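Colleague: sequence and computational prediction follow.
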Amino acid sequence: MKKKPDIKNIIKIIFLFTATYTQVKAEDIQGENDSVKMKFTAKEIVIESFKQNNNLYIQPVSASLLTGKEVKDFNIINIKEITSLVPNLFIPDYGSKMTSPAYIRGIGSHRNAPSVGLYVDGVPYFDRSTFDININDIDRIEVLRGPQGTIYGRNTMGGIINVFTKSPFKYKGTNLNLTVGNYDNYQTGLSHYGNVDNKVGYAISGNYLHSGGYFKNTTTGKKADPIDAVSTRARISWRVQPQLLMHLIMAYEYSDQDGYPYRVLHKDTGEIDEVNYNARSYYLRNMSTNGLNIEYITDLFKLSSQSSFQFYDGKQGLDQDFTPKDSYYVDFYQRQQMYSQEFNIGSLKDDSRYVWQFGLFGFHQSYFQTNDVNNLLTGAHTIQSAKNPTDGFAAYHQSTINDIITPGLSLVLGVRYDREKTKSTMIGTPLTKAGESITDKTSFSQLTPKAAIQYSFKQDGLAYFSVTKGYKTGGFNNTAEKEEDLIFNPEYSWSYEIGSRSGFFNNLLFLDLGLFYINWENQQISQTKTSGKGFIIKNAGKSSSKGVELSAQVNPVKNLSFQLVYGYTNAKYKDYKDYNATTGVTTAYDDNYLPMVPQNTVSISANYTLDMNRKWLDNIILNAQYIGAGKLYWTDKNDISQDYYGLFNGKISFVKKDFSIDLWSKNIGGEKYNSYYFSTSSQHYVQRGRPFTCGVNMNLKF
């Protein structure tokens, strides 16, 4: 009798050769009494979070996890440095903390509200001026790629970045770390974690960072980009009852930064001048973020409440002509107060036939900005200000039906409804009369569905196919010169994804493979205003993004591992016409690549531990890393670009129990590349990537 084909293996092979992978792992084992539950999957531990009751490894979503150990091994200081460590993630260096545009799979924004969401311990970060945070001494970072609106909602069309701090129920003791590096770089951090009878946990940490700057301003003879930053975090976790837990989290940061080491780019020749402007350019930021999480856990469900408040104000001073001349100087001030409340209830029986989740979310965001352009040649000031209060509400649900038709086959269905009301009061704009203000208001609403089907290979992994609608809300152009440009509308996308992840050869090899296609409509595009002074957001045409993502880990022998992360994105305009009212010329950008989107992102790393077992030395840990990105275009015309570039990083750690010394270096070889580009009506500017840096870390736990 002819043997029937193994359907499970056939499906597994098909998905593995037509999809992509992101490995999910964690390094520490949670105690039984910790409020954050952990599960083993393929000999790995995956941590549950506020909204995702199931671990990331068994969900039909492209996800990456960077553990606290990996953040330390790669010597990552801020959120921008995770670029390329996750497939198709790119966060360019704007030149200060004022803007941190994040792009996933080609979807992002560098001038208006972000298209990639950021959450820290469940607290949403709505404004791009809050994204650049210190991530020293954290627990883990999760990156979910593709639209996450069903559960996470507002402006997560590209994906979501979740940062989690350490729990005092999981970590105990005091940590001290000191860093000294070239370019006058210093950093020190101190943290303490403890608990009383495993009922009340407490944590407090502080960090101070000083950088002398990397680029010299030839006019002043000083570095153009030094920074001093102080940050602190505190956390109290209280197990009120066995089933009731409360977590209060507080964070504060102050930074004083001289930024914007921009250089003039001569487009015709490709030559780049030195940094040479005379007036100090800077950005000051005060930011306070607070969250209260309450969880009630039973055998059947978990009920959660997340209350959040974030305040920040930022002040920018900018030598806008970027020359030794006194021509233009800009003072810009922004302030935000954000309140949010979310309720979430979800089932906890992951092995049951039906798994469900419901949620309600509401927020109020108060935003104020004022812009003072000083024409130093004439002494005239152009002052514009605006207030933008926004209120939003959302309701969402997601269901998973397991073992349909055959064991291991599951159907995931989700839907979310969002509604927002926003208002703008503007003073001093081209649309207002002298001494008067204008007020306008509008609202947006949208229903975003999601559907996915997945097949689980028991402990071996899974394969999935998903379809998700993405949505990003509209808003106001507070400095619009024409009434028809005052409001821009929402943008939408449909994302299709097929993927698979699995372990092979008794967990010697882990693979995660996937393909995606995104159809993007009514895209919000930044365009130069008719006057040539400043930018506005317009809805223009259609775009598409397609690509592949691959992550792999090989553990050939004890103490040795290799990791590979690769992402390819082909993101192009399908229908985009730009009409210039001044010249009467329409420019077509059809089939051009989207700007700020690298076609390739690469990370290759190796880790090896030598067991010394000496009286004065336990082991030596070797870490080597290569990261690359490009080619990417800076403009819609595709006339200015950055070729593919690669950076080599390395680190050697000498460890004795709770004490270690690290020798590290970044950009070995001093690769030269441009990390950011922008233009005015008559000039082009670029910022160079950071040069070769090296230093020493000292870490002590007691």
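Modeller: Yep, it's here.
Colleague: so where is the stretch 601-702 of the chain shaky, pLDDT-wise?
Modeller: The model of the stretch 601-702 of the chain has pLDDT under 70 over residues 681.
Colleague: tell me where it has strands.
Modeller: With DSSP state E, counting those that start in this stretch as the definition, the stretch 601-702 of the chain shows strands at residue ranges 619-630, 632-633, 641-642, 645-656, 659-666, 674-679, 684-688, 693-701.
Colleague: swap in the stretch 151-300 of the chain?
Modeller: Counting by DSSP E, counting those that start in this stretch, the stretch 151-300 of the chain forms strands over residues 159-165, 173-181, 185-196, 200-211, 216-217, 222-223, 227-241, 244-258, 263-264, 282-297, given from the N-terminal end onward.
Colleague: of those strands, which approaches D636 most closely?
Modeller: For the strands of the stretch 151-300 of the chain, proximity to D636 was assessed by C-beta to C-beta; strand 263-264 is nearest, at 21.1 Å. Just so you know, the C-beta spots here come from the backbone N, C-alpha and C atoms, and that holds for glycine as well.
Colleague: give me the mean pLDDT for that closest one.
Modeller: Taken as a whole, strand 263-264 carries a mean pLDDT of 94.
Colleague: show me the residues around Y183 that make contact.
Modeller: By C-beta atoms under 8 Å, 6 or more residues apart in numbering, the contact list for Y183 reads S211, G212, G213, Y214, T693.
Colleague: also Y576?
Modeller: By C-beta under 8 Å, 6+ apart, the contact set of Y576 is Q523, I525, A540, G541, K542, S543, A588, Y589, D590, N592, D636.
Colleague: again, 7 Å this time
Modeller: Shown here is Y576, whose contacts under the criterion C-beta atoms under 7 Å, 6 or more residues apart in numbering are A540, G541, Y589, D590.
Colleague: and Y579, what helix or strand is that in?
Modeller: When elements are assigned from DSSP states H and E, Y579 belongs to strand 577-580.
Colleague: can you list contacts of that strand?
Modeller: Residues from elsewhere that reach strand 577-580, judged by C-beta under 7 Å, 6+ apart: Q527, A540, G541, T586, T587, A588, Y589.
Colleague: ok, how many other residues are close to the fifth one?
Modeller: In terms of burial, T587 registers 12 neighbours under the definition other C-beta atoms under 10 Å.
Colleague: SS state for it?
Modeller: Following DSSP: H, G, I helix; E, B strand; the rest coil, T587 is assigned to strand.
Colleague: tell me the bridge partners for it.
Modeller: Partner residues in beta bridges with T587, using DSSP bridges, are D578.
Colleague: quick one, what contacts the closest residue in space to Y593 that isn't next to it in sequence?
Modeller: The spatially closest residue to Y593, leaving aside those adjacent along the chain, is Y633, at 4.9 Å (C-beta to C-beta, 6 or more residues apart in numbering). Remark: with contacts taken as C-beta under 7 Å, 6+ apart, Y633 is in contact with Y593, P595, S641.
Colleague: wait, is the second one part of a helix?
Modeller: No - looking at P595 with three-state DSSP, it is coil, so not inside a helix.
Colleague: give the burial count for it, as a bare number.
Modeller: For P595, the number of neighbouring residues by other C-beta under 10 Å comes to 22.
Colleague: ok, back up a step: buried subset of the contacts of Y576?
Modeller: In the contacts of Y576, burial by neighbour count holds for A540, G541, Y589, counting by 16 or more other C-beta atoms under 10 Å.
Colleague: go ahead and flag the most central residue of this protein.
Modeller: Central residue check for the chain by C-alpha atoms, centre = their mean: the C-alpha nearest the mean position is that of I161, 4.7 Å away.
Colleague: ok, now which ones touch that residue?
Modeller: By C-beta under 7 Å, 6+ apart, the residues touching I161 are V116, G117, L118, I141, V143.
Colleague: give me the contact list for stretch 210-223.
Modeller: Outside stretch 210-223, the residues that touch it by C-beta under 7 Å, 6+ apart are 183-186, 224-228, 258, 261, 274-278, 324, 688, 690-691.
Colleague: any idea which of the contacts of Y633 is the one closest to K387?
Modeller: Closest approach between those and K387, by C-beta to C-beta: P595, at 30.5 Å.
Colleague: I figured the closest one hits W634, correct?
Modeller: Yes - applying C-beta atoms under 7 Å as the test, P595 and W634 come out as touching, 5.5 Å apart.
Colleague: between the contacts of Y183, which is nearest Q563?
Modeller: Proximity of the contacts of Y183 to Q563 (C-beta to C-beta) peaks at T693, which lies at 22.5 Å.
Colleague: so how many other residues sit close to the closest residue to that closest one other than its chain neighbours?
Modeller: Nearest residue to T693 in three dimensions, chain neighbours excluded: K666, at 4.9 Å (C-beta to C-beta, 6+ apart). If you count neighbours by other C-beta under 10 Å, K666 ends up with 21.
Colleague: kindly report the same for the one 3 residues further on.
Modeller: Other residues near G669 number 10, with proximity taken as other C-beta under 10 Å.
Colleague: dihedrals phi and psi, it?
Modeller: phi 100, psi -10 (degrees, to the nearest 10).
Colleague: pLDDT below threshold where in this structure?
Modeller: Counting by pLDDT under 70, the chain contains low-confidence residues at 1-55, 350, 458-460, 530-534, 581-582, 681.
Colleague: residue ranges for the helices of it, please.
Modeller: 7-16, 68-73 (DSSP state H).
Colleague: find the nearest non-adjacent residue to G146, please.
Modeller: Residue nearest to G146 in three dimensions, not counting chain neighbours: S495, with 5.1 Å by C-beta to C-beta, 6+ apart.
Colleague: isn't that neighbour right up against T468?
Modeller: Yes - taking contacts as C-beta under 7 Å, S495 lies within contact range of T468: 4.8 Å.
Colleague: still on that earlier bit, tell me the buried residues within the contacts of stretch 210-223.
Modeller: If you count burial by 16+ other C-beta under 10 Å, the buried members of the contacts of stretch 210-223 come out as 183, 185, 224-227, 258, 261, 275-277, 688, 690.
Colleague: residues in contact with stretch 614-628?
Modeller: 73-74, 84, 600, 602-612, 644-657.
Colleague: returning to that earlier point: can you dump the C-alpha coordinates of the strand holding Y579 into PDB?
Modeller: Included here for strand 577-580 are C-alpha records, laid out as PDB according to Å, rounded to 0.1, in the frame of the first residue of the first chain:
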ATOM      1  CA  LYS A 577       1.600  63.900  -9.000                       C
ATOM      2  CA  ASP A 578       2.900  67.100  -7.500                       C
ATOM      3  CA  TYR A 579       1.600  70.400  -8.800                       C
ATOM      4  CA  ASN A 580       3.600  73.500  -8.300                       C
END
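Colleague: any chance of the contacts of I161 in CSV, plus neighbour count and distance to E671?
Modeller: As requested, the contacts of I161 are exported to CSV (neighbours: other C-beta atoms under 10 Å; distance: C-beta to C-beta, whole Å):
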residue, neighbour count, distance to E671
V116, 28, 26
G117, 23, 31
L118, 22, 28
I141, 23, 25
V143, 25, 25
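Colleague: quick one: which of those is nearest L447?
Modeller: The shortest approach to L447 among the contacts of I161 belongs to G117, at 18.7 Å (C-beta to C-beta).
Colleague: I'd say the closest one and Y152 touch.
Modeller: Yes - shown here, G117 and Y152 form a contact pair, counting by C-beta under 7 Å, at 5.6 Å.
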